[in-house]
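Trainee: heads up, no residue letters with this:
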Ligand SMILES: Cc1ncc(COP(=O)(O)O)c(C=O)c1O
């Protein structure tokens, strides 16, 4: 049976990059530098291995669907500390589910949130809203859940955040789920309390779910990014209509551990837990123990954050004179205006052995005109040690014709 939804899966940015660079060899004699993927390269704290070893008897057991009490409590305590929440606002047994990283949970949430045809709104099929550009998982999730995607422009003029205030009631009535990534991948800007509160109010008025993807919340240069739960407190304390996603992948240099969580409205969390009980993967017990220890420890996060700050200072030093360059306040990507991101990604790989990814691969291409709002951007992951990052940035500057000092 034909299933055209599957075509959307081939929109996967790294699949497109593989096609773009197919047969393109990096220049001989240069060590390739891989700056296309946001995979932290700093070491994971040693106590992770110790925790896993200490719990080795637990590998034979099926882990609890929702996560261990210890993990859920550690996540709750972390949220409460980080966002200065009132004690008791988060009940670990009602408001939190452990997730094996956040990617799968973000994807599955669309299956939970998007209604089947019997429950479709009168104005048309359900919509899943997100920014344009967006983390690619949201779009695949929307389409595979049977919704239409609504990609909202997120340009420099709007602090790279979608302008939800411009949405009309007939559109708002169709929204089932709104993904908001703050701090944003790829642009590294983040929403303030007013912006977050406004979106939450709108979600309550039109009864849709907002999934706040906050997995870059700990990688920041100045003030810590505001979280959606702080906006909930400002609005009176209810978590109705919202969930937040957090991950240890970036915060703790532990992408391979696959530990994160979702927290928010108890109704959503309980229903979503049933969906995950039916078809989700749990985190193994030894990894839950390590994850809990990471959420409890803030000491290892400080040098990680400082390292990224150095990398972005370095990027500013090397590329800061370029028109359109900005130092993102959070996250670990440079979002560079290079004229044509695809050309730059191909030429940088071929001539300078630096692998990056075109910004257009995270944005929508208009099928009628072929226009893509992020055509001019290149996403560069700043995740390496200082020497490797400097070499990569110098090669990029050389390609772009910048004076390197
Ligand atoms: C915006 C965003 N959300 C979620 C994820 C998923 O990360 P993980 O599954 O490792 O928690 C990523 C990973 O790159 C991301 O960039």
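Mentor: Structure received. Predicted model, so just to flag it, every value in this text is computed and none were measured. Numbers count the residues shown, from 1 in each chain.
Trainee: so where do the strands sit in the stretch 251-400 of the chain?
Mentor: Counting by DSSP state E, counting those that start in this stretch, the stretch 251-400 of the chain forms strands over residues 260-264, 333-337, 354-355, 357-358, 377-381, given from the N-terminal end onward.
Trainee: out of the ones you listed, nearest to residue 220?
Mentor: Residue 220 lies closest to strand 333-337 among the strands of the stretch 251-400 of the chain, at 13.2 Å (Cβ to Cβ). C-beta coordinates here come from the backbone N, C-alpha and C atoms, glycine included.
Trainee: domain map for the protein?
Mentor: Per the record, the chain has its domains at 5-43+301-400, 47-296, by automatic domain parsing.
Trainee: reformat these as CSV; add mean neighbour count, mean pLDDT and distance to the ligand.
Mentor: As requested, these are arranged in CSV below (neighbours: other Cβ atoms under 10 Å; pLDDT from 0 to 100; distance: least, Cβ to the nearest ligand atom, whole Å):
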stretch, mean neighbour count, mean pLDDT, distance to the ligand
domain 5-43+301-400, 18, 95, 5
domain 47-296, 20, 97, 3
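Trainee: as JSON lines, the strands of the stretch 251-400 of the chain with distance to residue 318 would be great.
Mentor: Compiled in JSON lines, the strands of the stretch 251-400 of the chain are given as follows (distance: least, Cβ to Cβ, whole Å):
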{"stretch": "strand 260-264", "distance to residue 318": "33"}
{"stretch": "strand 333-337", "distance to residue 318": "10"}
{"stretch": "strand 354-355", "distance to residue 318": "13"}
{"stretch": "strand 357-358", "distance to residue 318": "19"}
{"stretch": "strand 377-381", "distance to residue 318": "11"}
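Trainee: now the helices for the stretch 301-405 of the chain?
Mentor: Secondary structure of the stretch 301-405 of the chain, counting by DSSP state H, counting those that start in this stretch: helices at 301-319, 341-352, 386-400.
Trainee: got JSON lines for those helices, with distance to residue 72 too?
Mentor: Supplementary listing: those in JSON lines, determined by distance: least, Cβ to Cβ, whole Å:
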{"stretch": "helix 301-319", "distance to residue 72": "20"}
{"stretch": "helix 341-352", "distance to residue 72": "41"}
{"stretch": "helix 386-400", "distance to residue 72": "36"}
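Trainee: list the contacts of residue 170.
Mentor: With contacts defined as Cβ atoms under 8 Å, 6 or more residues apart in numbering, the neighbours of residue 170 are residue 123.
Trainee: secondary structure class for it?
Mentor: At residue 170, secondary structure determined by DSSP: H, G, I helix; E, B strand; the rest coil is helix.
Trainee: now swap in the one 10 residues further on and tell me
Mentor: At residue 180, secondary structure determined by three-state DSSP is strand.
Trainee: my read: it touches residue 209, true?
Mentor: No. Judged on Cβ atoms under 8 Å, residue 180 makes no contact with residue 209 at a distance of 11.1 Å.
Trainee: doesn't residue 151 belong to a strand?
Mentor: Yes. Secondary structure of residue 151, determined by three-state DSSP: located in a strand.
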